[in-house]
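# fold the following and give me the result.
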Amino acid sequence: MIPIEGRPVLTAARMRAAEAAAMAAGTPETELMRRAGEGVAKAVARLAGGRAVLILCGPGHNGGDGFVAASALARQGCAVRVAAFGLPRSDTARWARSLWQGSVESLDSVEPAPVLVDAAFGTGLSRAPDDGVLSALRRLADAAWLRIAIDLPSGIESDRGIPLADHAGCDVTLALGALKPSHLLQPARGHMGEVRLIEIGLSINSDWRAQHRPTLPMPDAGSHKYSRGMVAIVGGSMAGASELAATAALRAGAGYVLHLSDAAEKGGAPHAVVRRAFDPSAMDDERIGALVIGPGLGRDDKARARLDAALDSGRPLVIDGDALSISDVADLNRTGGTRILTPHGGEFAHLFGASSDAKPDRARRAAEATGAIVVFKGADTVIAAPDGRTIFCPPASPWLSTAGTGDVLAGAIGAMLAAGLEPLAAAEAGVWLHAEAARRCGPAFIADDLADALSAVRG
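Numbers count the residues shown, from 1 in each chain. Have a look, this model is predicted:
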């Protein structure tokens, strides 16, 4: 079993293409199935800890993987039984079925086991499984101590993160060959348990991948406040939001944070934030490595003027919140340069329209349309670049669903951008810092706690 951080992500179609390429290069389909099934068996044996195993096999290739796993477990001396429904549909699935020398129990009458392995349906499912199969699966899952899915839990569509039927969920999902989008997209991700990868020897080339722990910029003996990165934050009608972004930028490692807001809003903690009255000329400072606009900006004429000044400044931009709500695609395209957009679902729909398409596809199209890095926020944040590179971020703390946490994220991304990271890397690092700070905060934190926790994450 391999951790999934940084691993490539393939749609069902691209996974089939990778398998077809391997077969065209001389690897038989039966060999791919053997590798998958034996990899599953090795993982199941480790996870089961000597407990009896029941493998539920369907008629397709997922069921074939299950039969191979069952035969491998039996050779290892494990207590393993098989239940199946439907006849194998392909020569490869029939080959796998022939490897199993034990009995095959009926799905309707099979008794549960401590460890259930779901090999009923895998990648490529486009409709809900039969109610009888789902009912049996739920019955067996409810009675199991450990539930393991091969590739995907049955009833989960592979590409859009959508459960096609009510599912009992799994404790562990063993992705075969490569991650699929639904291993990382909600709400399907919530049914997966821990996701681990089983390699089957495919050559995979993908510009989609899972997020990994970033290499963060660190000061050295020659560092000073400007080399660590200068971040300017443009404030507006809600001073607290831009103050949160400023605090987060400092706590994430920026050497200098300038908060440009209204003169009456000077003062407050942390005192390390430099506060000045807003003046468009302040954005001309070439030492500014990132300009953050949107948190607490407002949506009135004053906000619009400040946004126009930021867009015309030529500085690298992090555009969030209200700035996205008063923008359109033409605004965001009117100047070149570095731009990182951080929309949540509502802001994304405002800019790019509503759609039922998969989240990574929507994020990629938005990045292409704007020439910007797009951080499509949510329970399953996806980061996309105009060149097609796409990063799937793992689930973060649900306690992030509180006011101000998006402002903290904008500040953290601004700090990473000002420190000199390439824009996509800066966005990924900021999202990682944000999620890790939330994890360390525990339950019921507020955005102020989250901003402060960034320092400990940097340590």
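
# from here on, contacts and neighbour counts on C-alpha atoms
Noted.

# low-confidence ranges in the protein?
Scanning the chain for pLDDT under 70 picks out 126, 167-168, 263-267.

# those helices in it, which residues are they?
For the chain, the helices defined by DSSP state H cover 12-24, 29-48, 61-75, 91-99, 131-143, 239-251, 301-311, 321-325, 329-333, 345-352, 359-370, 405-418, 423-441, 447-458.

# on contacts alone, who are the packing partners of the last one?
This points to helix 447-458. Here helix 447-458 touches helix 239-251, helix 405-418, helix 423-441, going by 3 or more C-alpha pairs under 8 Å, 6 or more residues apart in numbering; DSSP states H and E.

# closest one to residue 169 among these?
helix 423-441 (23.1 Å; C-alpha to C-alpha).

# just the CA atoms of that closest one, as PDB, please.
In PDB, the C-alpha atoms belonging to helix 423-441 read as follows (Å, rounded to 0.1, in the frame of the first residue of the first chain):
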ATOM      1  CA  PRO A 423       2.100  30.800  -8.500                       C
ATOM      2  CA  LEU A 424       0.700  27.200  -8.600                       C
ATOM      3  CA  ALA A 425       3.100  26.200  -5.900                       C
ATOM      4  CA  ALA A 426       2.200  29.200  -3.800                       C
ATOM      5  CA  ALA A 427      -1.500  28.400  -4.000                       C
ATOM      6  CA  GLU A 428      -0.800  24.700  -3.100                       C
ATOM      7  CA  ALA A 429       1.400  25.700  -0.200                       C
ATOM      8  CA  GLY A 430      -1.100  28.200   1.200                       C
ATOM      9  CA  VAL A 431      -3.900  25.600   1.000                       C
ATOM     10  CA  TRP A 432      -1.700  23.100   2.800                       C
ATOM     11  CA  LEU A 433      -0.800  25.500   5.500                       C
ATOM     12  CA  HIS A 434      -4.400  26.500   6.000                       C
ATOM     13  CA  ALA A 435      -5.600  22.900   6.300                       C
ATOM     14  CA  GLU A 436      -2.700  21.900   8.600                       C
ATOM     15  CA  ALA A 437      -3.400  24.900  10.900                       C
ATOM     16  CA  ALA A 438      -7.000  23.900  11.100                       C
ATOM     17  CA  ARG A 439      -6.000  20.300  12.000                       C
ATOM     18  CA  ARG A 440      -3.900  21.600  14.800                       C
ATOM     19  CA  CYS A 441      -6.600  23.900  16.100                       C
END
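
# who's in contact with the closest residue to residue 343 other than its chain neighbours?
Using C-alpha to C-alpha, 6 or more residues apart in numbering and skipping the chain neighbours, the partner closest in space to residue 343 is residue 376 (5.5 Å). Counting by C-alpha atoms under 8 Å, 6 or more residues apart in numbering, residue 376 makes contact with 342-345, 348, 363, 382-383.

# return the most buried member of the helices and strands packed on helix 447-458.
Ranked by mean neighbour count under mean count of other C-alpha atoms under 10 Å, the helices and strands packed on helix 447-458 are led by helix 405-418, which reaches a mean of 31.

# the inter-axis angle of that one versus helix 447-458?
With axes from the mean of the first three to the mean of the last three C-alpha atoms, to 10 degrees applied, the angle from helix 405-418 to helix 447-458 works out at 30 degrees.

# mind giving me the packing neighbours of helix 405-418?
The elements that helix 405-418 packs onto, with contact taken as 3+ C-alpha pairs under 8 Å, 6+ apart, are strand 230-234, helix 239-251, strand 288-293, strand 317-319, helix 423-441, helix 447-458.

# okay if I get those as a markdown table plus distance to residue 35?
Formatted as a markdown table, the helices and strands packed on helix 405-418 follow (distance: least, C-alpha to C-alpha, whole Å):
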| stretch | distance to residue 35 |
| --- | --- |
| strand 230-234 | 51 |
| helix 239-251 | 47 |
| strand 288-293 | 48 |
| strand 317-319 | 45 |
| helix 423-441 | 33 |
| helix 447-458 | 39 |
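
# quick one, which of these is nearest to residue 128?
Between the helices and strands packed on helix 405-418, helix 423-441 lies closest to residue 128; by C-alpha to C-alpha that is 33.2 Å.

# report all helices and strands that the closest one contacts.
strand 339-341, strand 373-376, strand 382-384, helix 405-418, helix 447-458.

# tell me the centre residue of this protein?
Nearest to the geometric centre of the chain sits residue 393, at 2.2 Å (C-alpha atoms, centre = their mean).

# and the helices and strands packed on helix 447-458: which comes nearest residue 145?
When the helices and strands packed on helix 447-458 are compared (using C-alpha to C-alpha), the closest one is helix 423-441, at 27.1 Å.

# got the contact list for the closest one?
211, 213-216, 252, 338-340, 373, 375, 383-385, 391, 396-397, 399-400, 408-410, 412-417, 449-451, 453-454, 456-458.

# just the buried residues out of these, in PyMOL syntax.
Buried members of these, defined by 16 or more other C-alpha atoms under 10 Å, are picked up in PyMOL with:
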select buried, resi 211+216+252+338+339+340+373+375+383+384+385+391+396+397+399+400+408+409+410+412+413+414+415+416+417+450+451+453+454+457
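
# phi, psi for residue 215 please.
Note on residue 215: backbone dihedrals following degrees, to the nearest 10 are phi -90, psi 110.

# how far away is the closest residue to it other than its chain neighbours from residue 200?
The shortest distance from residue 215 to any non-neighbouring residue, by C-alpha to C-alpha, 6+ apart, is to residue 429 (7.9 Å). Counting by C-alpha to C-alpha, to the nearest Å, the gap from residue 429 to residue 200 is 30 Å.

# same check on residue 186?
26 Å.

# now residue 279
59 Å.

# quick one: which of those two has more around it?
Legend: neighbour count by other C-alpha atoms under 10 Å for residue 279 and residue 200, higher for residue 200 (19 against 14).

# roughly how far does the more buried one sit from residue 132?
32 Å.
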